[in-house]
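Visitor: Build me a structure from this.
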Amino acid sequence: MYENIYDIYEKNFLKNKFEPAFSVLERSGVVKDITYLEMKEDVEALARSMKKAGVIPGDRVIIYSENRFEWYVSLAAVFLVGAVAVPLYATASEEQQQYIINDSKPVFAFVSKLAFYSKIANLAEKMFYKTIMFDLDPEKKTQYKKITAYEFFLDRTRDAAPPLRHNCTKDDPAVFIYTSGTTGEPKGVVLTHGNIISNCTQLLDIVKHMDRLRYLSLLPLSHAYEFTVIHVVMMRGGTIIPLSKMGRVLDYIQNLNPNITCAVPRLFDKIYNSVAKKVEKASPLTRYFFNSGMKTGYEIYKYLEKDRPLPFPLNMKYLFFRKLVFEGIRKKTVNSISLFISGGAALTKEVSMFFNIMGTVIVEGYGITECSPVVSCNLPDDRDVGTVGLPLKGVDVKISASGELLVKGPTVMSGYYNKPEQTAEVFDSEGWFRTGDLAAWTDNGKIKILGRLKDIIVMANGKNISPQKIESRLKSTGYIESACIAGDEKKYLSAIIVPDFEAISDYAKAREIHFTNELDLVAHPAVVAMIRKEVFEVNRTLEPYEAIKRYHIMDRKFTVETGELTPTLKIKRELILRKYKSIFNSLYSEK
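Guide: Numbers count the residues shown, from 1 in each chain. Have a look, this model is predicted:
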């Protein structure tokens, strides 16, 4: 059906030319629709100019930007000329960006603004034919010699003949997506046109019940998950709504009416905790109706997750609470979104059930960049909380004797760029890709992820603990943003806890607690007691040997800039254990 990724765009340019490809919220607050025909004109104009600048098939092209319309257009132009996209994370450090450029050896770039370009300028000015900048006044002079304003580059060939298309094969590389480097240097995952097309085709089942997709694109496009899903939306002739700032997610949901998005559990946790806090402060009558509605929701959940009809009395009861309680909450939070796809970390059962009861379906899936990335996913009419669903059609999955999830199929990468030895290490003797994740089968044949193999904590009592499970539960509370669990060869587990400083500031202000900085805030007895309560509540959900016995509350966030987080905001466990060794040691010292 599709030989290469550009086929997906071309089909829409012909079939859906007057349909909106994008809905963009402009700085003025006006919503602007951009049709597939308008997108086609911009893509062809860019491709013509790229060819004139010297870009040829197989060349690597950097795209370094937050999510915005120009990102998607630049990507399509890269595919039209037969080049290979190399997306950079907007949140990555200067060191990481420069490493990726040196490794991939690109010849051309699209960058959103001067602040980003300054991080790579020393290499870009030497290595690139040209860098096209989205936010640059064509009349403005800069110190750099090789940057051109996007509008100028786009417009100067707009009336020329359509560019001659280079038809890539399914085996040609389409994109290098660099792993986030939780340990060691990033590796360039080479994904072919065939890899991406296969994964997109497999994912169509998840959205087959939806008529017209209006997709809120909020994860970074440098993330394999988002990169693939936008092409699923394109396959369906849907509309993409680019979100450049996560802080505006609810604003976009309210004003642009998306009906589907992909997100990580942190977003769902924040919405759930926000609602829970408001209910806490509400009148006794409001709390009664909310709690009664949730109780009814729990009663009917087994029907909801399998999309089965409800028994009449239960249905009437549920419809009553849905109208009285949940419709109002839904309108103020997720509004028109009917389907969330969650990945990247475990979603707690409580949060998942809340959204599903409210009327917005969440399906959990599992993926890894090296598999394009989605391996398995629950379906809207067949979902089981706590699992990541069945393997996608055409993907072979097995679990090794050591419990590691292994994958084979058309979505598995061709290898790491320029790293043959590391490529060989992640495939076993039979050609199965080793994901590094521990997994188990459920009774109904679904996959349950147990944690990362390399992160397993072996305690002094011989118990094996997955820290991610505990960290996810801590992060799902209303006041904890991040955590790192330790306990290798120890009698008990300890943790460094990073509070959600916005949430605990609001908590303090509501109780007229005065503080001058974050150190004051986390040291205040009321805040210390509140975090202790959160940890206690999490411990109640765990086995006794999994409980956190001692912990340290940080007075600052983990960040990408300070090294504790990857660009995808995962913790760098080994670095944290080294960097804060003295803190962890103190948690095991005798009192």
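
Visitor: check contacts around Leu324.
Guide: The contact partners of Leu324, by CB atoms under 8 Å, 6 or more residues apart in numbering, come to 289, 293. C-beta coordinates here come from the backbone N, C-alpha and C atoms, glycine included.

Visitor: any idea what it is structurally, helix, strand or coil?
Guide: helix (DSSP: H, G, I helix; E, B strand; the rest coil).

Visitor: Equivalent analysis for Leu569, please.
Guide: coil.

Visitor: mind checking how far it is from Leu219?
Guide: Applying CB to CB, to the nearest Å, the value for Leu569 to Leu219 is 10 Å.

Visitor: what's the answer for Lys141, then?
Guide: 36 Å.

Visitor: Nearest residue to Gln96 in space, please, no chain neighbours.
Guide: Computed as CB to CB, 6 or more residues apart in numbering, the closest residue to Gln96 that is not its neighbour in sequence is Pro186, at 6.4 Å.

Visitor: can you pull the buried residues of stretch 288-307?
Guide: By neighbour count on 16 or more other CB atoms under 10 Å, the buried set for stretch 288-307 is 289-290, 293-294, 296-297, 300-301, 304-305.

Visitor: Repeat that for stretch 417-427.
Guide: Buried-residue list, stretch 417-427, by 16+ other CB under 10 Å: 417, 419, 423, 426-427.

Visitor: does Asp437 sit in a helix, a strand or a coil?
Guide: strand.

Visitor: mind checking pLDDT for it?
Guide: The score at Asp437 is 95. That number is its pLDDT.

Visitor: does the nearest residue to it once chain neighbours are set aside sit in a helix or strand, and which one?
Guide: Of all residues not flanking Asp437 in the chain, Leu405 sits nearest, at 4.9 Å (CB to CB, 6+ apart). For Leu405, the host element (DSSP states H and E) is strand 404-408.

Visitor: Val498 now?
Guide: Going by DSSP H and E, Val498 is in strand 493-499.

Visitor: Now do that strand: everything it contacts.
Guide: 457, 459, 465, 470, 474, 479-487, 522, 527, 531, 535, 546-554, 556-558, 576, 580, 583-584, 587-588.

Visitor: Those residues, buried ones only, as a ChimeraX selection?
Guide: With 16+ other CB under 10 Å as the criterion, this ChimeraX line picks the buried residues out of the contacts of strand 493-499:
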select :457,459,465,470,474,479,480,481,482,483,484,485,486,487,522,527,531,535,546,547,548,551,552,553,554,557,558,576,580,583,584,587
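
Visitor: so of the contacts of strand 493-499, which ones are in strands?
Guide: 457, 465, 480-486, 548-553 (DSSP state E).

Visitor: ok, of the residues you listed, which one's closest to Phe326?
Guide: Distance ranking of the ones in strands among the contacts of strand 493-499 against Phe326, using CB to CB, places Ile480 first at 26.4 Å.

Visitor: okay but the closest one is in contact with Glu537, surely?
Guide: No: the criterion here is CB atoms under 8 Å, and Ile480 misses it with Glu537 at 10.8 Å.

Visitor: More neighbours: Lys141 and Leu219, which one.
Guide: Between Lys141 and Leu219, counted using other CB atoms under 10 Å, Leu219 has the larger neighbour count: 24 against 6.

Visitor: The residue nearest to Tyr366 when sequence neighbours are not counted: how many residues sit nearby?
Guide: Spatial nearest neighbour of Tyr366, chain neighbours left out: Val388 (3.6 Å); criterion: CB to CB, 6+ apart. When counting by other CB under 10 Å, one arrives at 27 neighbours for Val388.

Visitor: For Val388, give me phi and psi.
Guide: Backbone torsions of Val388, given as degrees, to the nearest 10, read phi -110, psi 20.

Visitor: So it versus Ala345, what's the distance?
Guide: As defined by CB to CB, Val388 lies at a distance of 11 Å from Ala345.

Visitor: One more: Lys17?
Guide: Taking CB to CB as the measure, Lys17 falls 39 Å from Ala345.

Visitor: Please apply the same query to Pro567.
Guide: Pro567 is 15 Å from Ala345, where distance means CB to CB.

Visitor: More neighbours: which of the two?
Guide: Using other CB under 10 Å, the more surrounded residue of Pro567 and Ala345 is Pro567, with 22 against 18.

Visitor: what residues are up against the residue nearest to the more buried one when sequence neighbours are not counted?
Guide: Spatial nearest neighbour of Pro567, chain neighbours left out: Tyr89 (3.4 Å); criterion: CB to CB, 6+ apart. Shown in contact with Tyr89 (CB under 8 Å, 6+ apart): 96, 180, 220, 222-223, 567-568.

Visitor: again, only using 7 Å
Guide: 220, 222, 567 (CB atoms under 7 Å, 6 or more residues apart in numbering).

Visitor: Identify, from these, the entry nearest to Asp33.
Guide: Pro220 (23.5 Å).

Visitor: what residue lies at the spatial centre of the chain?
Guide: Closest residue to the average C-alpha location of the chain: Leu219 at 4.7 Å, with CA atoms, centre = their mean.

Visitor: So it belongs to a helix, correct?
Guide: No: judged by three-state DSSP, Leu219 forms no part of a helix; its state is coil.

Visitor: Return the backbone torsion pair for it.
Guide: Main-chain torsions, Leu219, degrees, to the nearest 10: phi -80, psi 150.

Visitor: likewise Leu267?
Guide: phi -60, psi -40.

Visitor: Next one, pLDDT for it please.
Guide: 91.

Visitor: Tell me how far it lies from Arg434.
Guide: For Leu267 relative to Arg434 (CB to CB), the value is 30 Å.
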